[in-house]
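K.L.:
sequence plus the predicted model coming up.
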Amino acid sequence: MPVLVITGTGTEVGKTVTTAAVAASALAAGRSVAVLKAAQTGVTPDERGDADEVARLAGAVTTAELARYPDPLAPATAARRSGREPVRPRAVAEAAAKLATEHDLVLVEGAGGLLVRFDEAGGTLADAAELLRAPVLVVASAGLGTLNTTELTARELRSRSVELLGVVIGSWPDSPDLAMRCNVTDLPDVAAAPLLGALPDGAGSLAPTEFRVQAPGWLAPRLDGSWQAETFREAAAPQVR
């Protein structure tokens, strides 16, 4: 798995912090890691972007960013409004493939969900994953509504014959509600893919040194961690009436 594409079921689901956790766990396992942000929006040239945040939390990763646009919009819209060239899936695939010749693992982080448009032709992160023939990790929210968005994402990947490596819950609260606890069981079913981790709420606010120590405990062995889905599921399971 030299390249892993990381997408979310939507915005603000914990995609960047999850990317940082995957990077930190891979680094702890002795692997060299590069992080490619396909298109950064809502950030000015002098501000830190998502790839910078991954490096801050995870440590010694190579970072790359293909384009950034100031408006906090979908990349295609933000590119059009700024008058700048859009990012195209082939450029994402080529940049990731080049990084993969120099690193053990390349993490390609998208913007928002899988089908957010990069360009005026409708190119998406899914197209880049197809070109790369790379597996995709889906970061999902914990609460009500996540089953629908996760299943839609999984169905789109299957329709393209792109491997869905698994699902990670991007933010798990200290006091999960009934829907969240039930979703731990239902998410792998609707995705037809394993649950590969759950990040605690507020993980991104930890000090980097503490983040790096804890990150492997949030992710399954498939992602260089020690987290066990069955143990987590048993702890989260609601009482049956």
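P.N.:
Thanks, I have the structure now.
K.L.:
who are the packing partners of the helix or strand harbouring residue 107?
P.N.:
Assigned by DSSP states H and E, residue 107 belongs to strand 105-113. Taking 3 or more C-beta pairs under 8 Å, 6 or more residues apart in numbering; DSSP states H and E as contact, the helices and strands that strand 105-113 lies on are strand 3-8, helix 15-28, strand 33-37, helix 50-58, helix 89-100, helix 125-132. To be clear about C-beta, it is placed using only N, CA and C from the backbone, and glycine gets the same treatment.
K.L.:
quick check: angle from that strand to helix 125-132?
P.N.:
Compare the direction of strand 105-113 with that of helix 125-132 by axes from the mean of the first three to the mean of the last three C-alpha atoms, to 10 degrees and you get 150 degrees.
K.L.:
how far is strand 105-113 from where the chain is centred?
P.N.:
Mean-position distance between strand 105-113 and its chain equals 6 Å (C-alpha atoms, centre = their mean, to the nearest Å).
K.L.:
how about stretch 177-184?
P.N.:
With C-alpha atoms, centre = their mean, you get 21 Å for stretch 177-184.
K.L.:
what does that stretch rub up against?
P.N.:
142-144, 146-147, 169, 172-173, 195, 198, 232-233, 236-238 (C-beta atoms under 8 Å, 6 or more residues apart in numbering).
K.L.:
hmm, back to that, which one of the helices and strands packed on strand 105-113 lies closest to residue 228?
P.N.:
Nearest to residue 228 among the helices and strands packed on strand 105-113 is helix 15-28 (14.4 Å), distances taken as C-beta to C-beta.
K.L.:
only the C-alpha atoms, please, for that closest one, written as CSV.
P.N.:
C-alpha atoms of helix 15-28 as CSV (Å, rounded to 0.1, in the frame of the first residue of the first chain):
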residue,chain,number,x,y,z
LYS,A,15,-10.2,14.0,8.0
THR,A,16,-7.1,16.0,8.6
VAL,A,17,-6.6,14.8,12.2
THR,A,18,-7.2,11.2,11.0
THR,A,19,-4.6,11.7,8.3
ALA,A,20,-2.2,12.9,11.0
ALA,A,21,-2.9,9.8,13.1
VAL,A,22,-2.3,7.5,10.2
ALA,A,23,1.0,9.3,9.5
ALA,A,24,2.1,9.2,13.1
SER,A,25,1.4,5.5,13.4
ALA,A,26,3.3,4.8,10.2
LEU,A,27,6.2,6.8,11.4
ALA,A,28,6.2,5.0,14.7
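K.L.:
helices or strands next to that helix in the packing?
P.N.:
Counting contacts by 3+ C-beta pairs under 8 Å, 6+ apart, helix 15-28 packs against strand 3-8, strand 33-37, helix 50-58, strand 105-113, strand 136-140, strand 164-172, strand 195-200, helix 208-214.
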